[in-house]
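>>> got a predicted model here, sequence first, then my questions.
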Amino acid sequence: MQHQKWVHWVAFGLGSGTAPKAPGTIGSLAALLTLPVFAWLSLPWQVVWVVFAFAIGVWICDQTVRDLGVDDHPGIVWDEFVGIWVVFIAVPLTWENIILGFLLFRIFDVLKPWPISWLDRRVKGGFGVMVDDLLAGIIALAILQLWLLSPWSATLFG
C-alpha cells in the first residue's frame, strides 16, 4: 500500500493532478515551477533527465492506470511534467518563452493533431499515457526553437 501511495502521488504530478478542474493545465503549470532547476542543467543533463523521467513515468503511470482501472485518468499528469520539460530543452527562460512554450504545449496536448491523436488512440497503458505528451512536447519545442531562430522573435519581444 505504501508503494502505491508514492507511485500515485508522482503520477498525479506531486498532487497537482487532483485539481477539480483542468488537471492537465494545472499539472503543466506546476511543471513550470520546476523550470529554474531544469534550466540550470546543461543540455546533455536535460536530455538525460527527460529520458529518465519518461522511463519512470511509463512505469508509474502503468501502475496507476492498473490500480485505478482507468486507461488515462485525467488526474495522471506526470506526462504533462515530462512534456513541459521537453519543450524547454535548450530554451532560455524568459517570460515570453515560458508563456509561448506553455501555450504551444497545451494546444498540442489538448487538440491532439495527427500524429499525436493516432498515438493517443492506439497506444495504451503507461507508455500510451506518456508518449502522446512526449510528442506534443517535441512538436512544441520544434516550433519554439524555429520561433527563437526567426528574426521576428527579436523584433517582437526585443
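That came through fine. Nothing here was measured: the structure is a model prediction, and the numbers come from that model.
>>> ok, the residue nearest to L43 when sequence neighbours are not counted - contacts?
The shortest distance from L43 to any residue other than its chain neighbours is 5.2 Å, reached at A90 (C-beta to C-beta, 6 or more residues apart in numbering). C-betas here are computed from N, CA, C, even on glycine. The contact partners of A90, by C-beta atoms under 8 Å, 6 or more residues apart in numbering, come to L43, Q46, Q145.
>>> again, only using 10 Å
Residues touching A90, when contacts are defined by C-beta atoms under 10 Å, 6 or more residues apart in numbering, comprise A39, S42, L43, Q46, V47, L141, Q145, L148.
>>> for A30, same thing?
A30 sits in contact with G13, L14, G15, S16, G17, A19, P23, V77, E80, F81, I84, where contact means C-beta under 10 Å, 6+ apart.
>>> same thing but 6 Å
Residues counted as contacts of A30 (C-beta atoms under 6 Å, 6 or more residues apart in numbering) are G13, S16.
>>> quick check: it vs L119, distance?
From A30 over to L119 the distance is 24 Å, taken as C-beta to C-beta, to the nearest Å.
>>> so which helix or strand of this structure has the lowest pLDDT on average?
Across the helices and strands of the chain, mean confidence by mean pLDDT, DSSP states H and E is lowest for helix 151-157: a mean of 71.
>>> the closest residue to L100 other than its chain neighbours: neighbouring residues, count only.
In space, L100 comes closest to L144 once its chain neighbours are excluded; the distance is 6.1 Å by C-beta to C-beta, 6+ apart. Residues lying near L144 (other C-beta atoms under 10 Å) number 21.
>>> in the helix or strand that contains L144, which residues are buried?
The secondary structure element spanning L144 is helix 125-149 (assigned by DSSP states H and E). Neighbour counts over helix 125-149 (16 or more other C-beta atoms under 10 Å) mark 126-141, 143-144, 147-148 as buried.
>>> quick one: low-confidence ranges for this protein?
Flagging of the chain using pLDDT under 70 yields the residue ranges 1-3, 154-158.
>>> before we move on, the earlier item: and the residue nearest to L43, backbone torsions?
Backbone geometry at A90, expressed as degrees, to the nearest 10, gives phi 60, psi 30.
>>> going forward, begin numbering at 41 instead of 1
Fine by me, first position is 41 from now on; the one you just mentioned is A130.
>>> how far away is it from D112?
Computed as C-beta to C-beta, the A130 to D112 distance reads 29 Å.
>>> count of residues packed around the residue nearest to A59 when sequence neighbours are not counted?
Leaving out its chain neighbours, the residue that sits closest to A59 by C-beta to C-beta, 6+ apart is I66, at 3.9 Å. Burial measure for I66: 20 neighbouring residues, criterion other C-beta under 10 Å.
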